[in-house]
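*Asks:* Turn this into a structure:
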Amino acid sequence: MPGLSEEDWTEEQRERARRNREKALALQAQKRKEREDAAAASAESKRAKTTNGKASTTTSNNIHNNDNDDNNNNNRNKNRSETKQKEEKQQQQQQPATAEDDDLPLEDFEIGASEFVTQTEAQKVYLLPMGTLRVCRYVEKENPRNQQFQPMKLYHRAEIRRRARDRWGGIPGLQRERTRRQDEQFERDLRKTKNIFGPK
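*Replies:* Numbering: from 1, shown residues only. Next up is the predicted model:
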């Protein structure tokens, strides 16, 4: 059975899709603003360093410039507030899962599993799209393959479990969708290899 087109969605599904779209767009706008703020702070910091270099030259000539001191204080305060905001954001992302998330029954493979889930596992096992993962809490860890790579995002399993079950209608719905996808993959693979040993 092919997936439903957007025209075949129920009102609840349309509303959920609309809310998810809004969340994803808000998150993108927030990240864009953070990048712009960081770039502006970096540029301001470079300007302040340049100004400090000029100020130290004039200081050697026994001239004191109060404007440079004010700029330095403003930059320090701005950097402190940005650092504080980043720390608060990381603490929010690292908050433990809610009791509601922990009360959900577990599937067999989840018993004794880690508290965290990789992005790949969240997409392949819990069948969640990237749009949903963008609004989930995560913890960044150093990439084990190479320290030069971007840090890994590890999502809280309890939250991923809850979102997957909400999306697919509980454990039975999630298992049906997993089976359907596996069957489709098997059929695709079978078609690709059908005539592998046949005549050319």
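
*Asks:* Now do the helix ranked longest in the chain: which elements does it pack against?
*Replies:* Longest helix in the chain by number of residues (criterion: DSSP state H): helix 11-60. Applying 3 or more C-beta pairs under 8 Å, 6 or more residues apart in numbering; DSSP states H and E, we find helix 11-60 packed against helix 66-93, helix 130-133. The way it works is simple: take the backbone N, C-alpha and C, and place the C-beta from them, glycine included.

*Asks:* now that helix: mean pLDDT?
*Replies:* Averaging pLDDT along helix 11-60 yields 74.

*Asks:* now stretch 176-184
*Replies:* Per-residue pLDDT over stretch 176-184 has a mean of 95.

*Asks:* Then stretch 130-145?
*Replies:* 93.

*Asks:* how about it: buried residues?
*Replies:* Thr132, Leu133, Cys136, Arg137, Tyr138 (16 or more other C-beta atoms under 10 Å).

*Asks:* List the residues that contact Asn20.
*Replies:* Gly131, Thr132, Val135 (C-beta atoms under 8 Å, 6 or more residues apart in numbering).

*Asks:* which non-adjacent residue is nearest the last one?
*Replies:* Right, Val135. Lys23 (4.9 Å; C-beta to C-beta, 6 or more residues apart in numbering).

*Asks:* do the same with the first one
*Replies:* If the residues on either side of it in the chain are set aside, Gly131 comes closest to Ala24, at 4.8 Å by C-beta to C-beta, 6+ apart.

*Asks:* quick one: the one you found and Pro129 touch, right?
*Replies:* No - with contact defined as C-beta atoms under 8 Å, Ala24 does not reach Pro129; the gap is 9.8 Å.

*Asks:* For those two, work out which one has more neighbours and name it.
*Replies:* Using other C-beta atoms under 10 Å, the more surrounded residue of Ala24 and Pro129 is Ala24, with 16 against 12.

*Asks:* For that one, give me its contacts.
*Replies:* Per C-beta under 8 Å, 6+ apart, neighbours of Ala24: Gly131, Arg134, Val135.

*Asks:* In contact with the second one: list those residues for me.
*Replies:* Translated: Arg134. With C-beta under 8 Å, 6+ apart, Arg134 has these contacts: Lys23, Ala24, Leu27, Gln28.

*Asks:* redo that, cut-off 7 Å
*Replies:* Ala24, Leu27 (C-beta atoms under 7 Å, 6 or more residues apart in numbering).

*Asks:* any idea how far Leu174 is from it?
*Replies:* Distance of Arg134 to Leu174, given as C-beta to C-beta, to the nearest Å: 20 Å.
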